[in-house]
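>>> Got a predicted model here, sequence first, then my questions.
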Amino acid sequence: MDIAAPANALPIAERIAPVSRQIWDAKYRLKEVDGTPVDVTIEESWRRAATGSRLR
């Protein structure tokens, strides 16, 4: 018998609405001056904010 994984087993990016990901990318995701993302995932943004760090 297969038991499905709970919804919270999915990465956060797959559980968040696409519009929310767009807002994160546009407003909160740390990027270099040339636009290259520093935060690859939402979790990295949270970790950076929680530790007060600007770099990974």
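Here it is on my side, so go on. Numbering: from 1, shown residues only.

>>> ok, and the helix or strand in this protein with the lowest average confidence?
Least confident element among the helices and strands of the chain, by mean pLDDT, DSSP states H and E: helix 12-15 (a mean of 79).

>>> if I look at the closest residue to residue 31 other than its chain neighbours, how far off is residue 9?
Computed as Cβ to Cβ, 6 or more residues apart in numbering, the closest residue to residue 31 that is not its neighbour in sequence is residue 37, at 5.3 Å. C-betas here are computed from N, CA, C, even on glycine. When distances are taken as Cβ to Cβ, to the nearest Å, residue 37 and residue 9 turn out to be 25 Å apart.

>>> and what of residue 35?
For residue 35, the distance to residue 9 (Cβ to Cβ) stands at 32 Å.

>>> So between the two, which is more surrounded?
residue 9 (9 against 6; other Cβ atoms under 10 Å).

>>> how about stretch 41-48: buried residues?
42, 45, 48 (16 or more other Cβ atoms under 10 Å).
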